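J.: test case, fold it:
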Amino acid sequence: MGEIITPGDKSISHRAVILSSLAKGTSTIKGFLKSEDTLSTLNSFVNMGVEINTTSELLEINGVGIHGLKKPFKTVDAGNSGTTARLLMGLLSGQEFISKLTGDKYLQKRPMRRVVDPLILMGADITGENNADNLPLIINGQKLNSIQYKLPVASAQVKSAIILAGLFASGETEIIEPQKTRDHTERMLNYLGSPIKTDGKSLFVRPIEKLNPSNLNIPSDISSAAFFIVGALINKGSEIIIKNVGLNTARTGILDILKRMGGRIEIEDKRNECGEPVGDLVIKSSDLKGIEINGEDIPRTIDELPIIAAAACFAVGPTTITDAKELRIKETDRIKAVVSEFSRLGADITELEDGMIINGNQQLKGNICDSWGDHRIAMSLAIAATQTQGETTINNSECVNISFPDFFDTLSSLRT
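T.: Model (predicted):
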């Protein structure tokens, strides 16, 4: 039986840096994910005058308080991180300075207007490329107003951007979700002393004067664990334990779906750390079957759908994924990328406008594939390659550094 610990949760790592920087005093963060995406967030706050010290085990953030951020001394660069860009758009909109926000060539193609629109309703002054739908953006900080806003699409990033803006707005901002999304921002604000009131699919944000510094323990990222969960399920005779995994119910759709497919997955030592549910996962190889994935499945599994597609290749019968058009505006068009690259391996897979159909129980063959510069595509192909005949080469595989720098070393340790 193998045992691994996957990296700290990427979503929580972003928020730990943001909210600890806004707290007044020193916070220590254990389990912070040191990846390209999260370091983009960290460097953005150093750029705004926050002192951050790192060791091999801990991150120490000397928070400047709610109103303590300084005008960036250079352009704020979000790199490849959509989370960094979108959450900072909300935060920067309520500051007392002008900032320029940009990203790499991939991020500059991703849509930002879905964040810009509600922020402008709050009084934000944001201008930029393609009617402010693409980076780079100029954000001229303003005094913001509260709004009531119904999200057109379920998106934790848009929701979190409005929450951060709402901390600086006058009055109470109400955000209405069409479907529940991951709530890491709300949980951490509650933990740091600024409760977010919820009522059904609505949540309410009020301006605050302070956040409390704290010691934060970040659990392992279930999105990173997902690759090894699927790897264990599809490799005969495999059994692994993945320790200290975050089990936020908004993120555990991957477990529910794989169990519906017949996956043998158990949770041990359930506990709560810093406002987040945590546990250890025990996974055993399983005979999987195809299922339908749609509707409320999608917001809880949007990042894991590429690796679910990999699992579906080895399941008996068809798996149909629909209602997942959001995949087309991730780091790349993940529908097109998954269909293209798994087809190279011999998968029987058909592209739909809002998803794909995978006819499983296929014998895949090794080939030369491309990651499309997308970390989740690269890792999904690597897991599928553990069950292909012959060698598979994944070009541009270094993109795994965006979320899981040690991915290939961890994979090798389980295969030896």
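J.: and the spatially closest residue to D348 that is not a sequence neighbour, what does it touch?
T.: Using Cβ to Cβ, 6 or more residues apart in numbering and skipping the chain neighbours, the partner closest in space to D348 is N359 (4.0 Å). For every residue, glycine as well, the C-beta is placed using N, CA and C. Contacts for N359 (Cβ atoms under 8 Å, 6 or more residues apart in numbering) come out as G290, G317, P318, D348, I349.
J.: between the residues you listed, which is nearest D77?
T.: I349 (35.9 Å; Cβ to Cβ).
J.: so what's the closest one bridging to?
T.: I358 (DSSP bridges).
J.: just the buried members of the contacts of N359?
T.: Buried subset of these (neighbour count, 16 or more other Cβ atoms under 10 Å): G290, P318, I349.
J.: next one: the first one, what pLDDT does it get?
T.: Meaning G290. For G290, the pLDDT comes out at 98.
J.: so who does it touch?
T.: G290 sits next to M261, A312, A315, V316, G317, P318, T319, T320, I358, N359, G360 when contact means Cβ under 8 Å, 6+ apart.
J.: can you tell me the closest non-neighbouring residue to the last one?
T.: If I follow you right, that is G360. A315 (3.9 Å).
J.: walk me through the domains of this protein.
T.: Here the domain parsing of the chain from automatic domain parsing is 10-217, 222-415.
J.: what's the closest of those domains to I4?
T.: domain 222-415 (5.7 Å).
J.: first to last residue in the closest one, what's the distance?
T.: The straight-line separation of the ends of domain 222-415 (Cα to Cα, to the nearest Å) is 21 Å.
J.: next up, phi/psi of P219, please.
T.: Dihedral angles of P219 (phi, psi; degrees, to the nearest 10) stand at phi -70, psi 170.
J.: need the pLDDT of it.
T.: The model's pLDDT for P219 equals 96.
J.: for the nearest residue to it once chain neighbours are set aside, grab the count of nearby residues.
T.: Leaving aside its chain neighbours, P219 sits nearest to G246 (3.6 Å; criterion: Cβ to Cβ, 6+ apart). Counted with other Cβ atoms under 10 Å, the neighbours of G246 add up to 25.
J.: measure G246 to S13 for me?
T.: 11 Å (Cβ to Cβ, to the nearest Å).
J.: again with T393
T.: Taken as Cβ to Cβ, the span from T393 to S13 is 31 Å.
J.: looking at those two, which one has more neighbours?
T.: S13 (29 against 12).
J.: helix, strand or coil: sort out the more buried one for me.
T.: Following DSSP: H, G, I helix; E, B strand; the rest coil, S13 is assigned to helix.
J.: go ahead and confirm it touches S40.
T.: No: between S13 and S40 there is no contact under Cβ atoms under 8 Å: 11.1 Å.
J.: could you report the neighbour count for the residue nearest to L288 when sequence neighbours are not counted?
T.: Excluding the flanking residues, the one nearest L288 by Cβ to Cβ, 6+ apart is A315, at 3.8 Å. Residues near A315, counting by other Cβ under 10 Å, number 25.
J.: could you do K150 as well?
T.: Neighbours around K150, by other Cβ under 10 Å: 12.
J.: now do K100
T.: 16.
J.: again with the one 4 residues further on
T.: Counted with other Cβ under 10 Å, the neighbours of D104 add up to 16.
J.: how about I229?
T.: I229 has 25 neighbouring residues, counting by other Cβ under 10 Å.
J.: now swap in F228 and tell me
T.: Neighbourhood size, F228 [other Cβ under 10 Å]: 24.
J.: which residues does C274 contact?
T.: With contact taken as Cβ under 8 Å, 6+ apart, C274 is in contact with M188, Y191, S214, L216, N217, I218.
J.: one more time with 10 Å, if that's ok
T.: 12, 16, 29-31, 187-188, 191-192, 214-219 (Cβ atoms under 10 Å, 6 or more residues apart in numbering).
J.: okay, it and L203: tell me how far apart.
T.: C274 is 20 Å from L203, by Cβ to Cβ.
J.: now do the helices in the stretch 101-250 of the chain.
T.: 113-121, 129-132, 156-166, 184-191, 222-234 (DSSP state H, counting those that start in this stretch).
J.: mind checking which of those is nearest R415?
T.: With Cβ to Cβ, the closest approach to R415 among the helices of the stretch 101-250 of the chain belongs to helix 222-234: 9.1 Å.
J.: now that closest one: buried residues?
T.: Buried-residue list, helix 222-234, by 16+ other Cβ under 10 Å: 222-234.
J.: likewise for stretch 277-292?
T.: Buried, per 16+ other Cβ under 10 Å, within stretch 277-292: 277-283, 285-286, 288-291.
J.: out of those, who's nearest N130?
T.: I291 (38.7 Å).
J.: skipping adjacent residues, who's closest to R113 in space?
T.: Per Cβ to Cβ, 6+ apart, closest to R113 is D133, 4.0 Å.
J.: so the one you found versus P111, what's the distance?
T.: Counting by Cβ to Cβ - D133 and P111 are separated by 6 Å.
J.: likewise for G390?
T.: Going from G390 to P111 by Cβ to Cβ gives 39 Å.
J.: what's the neighbour count on the closest residue to T185 other than its chain neighbours?
T.: Closest residue in space to T185, ignoring its immediate chain neighbours: S160 at 4.3 Å, by Cβ to Cβ, 6+ apart. S160 has 27 neighbours, counted by other Cβ under 10 Å.
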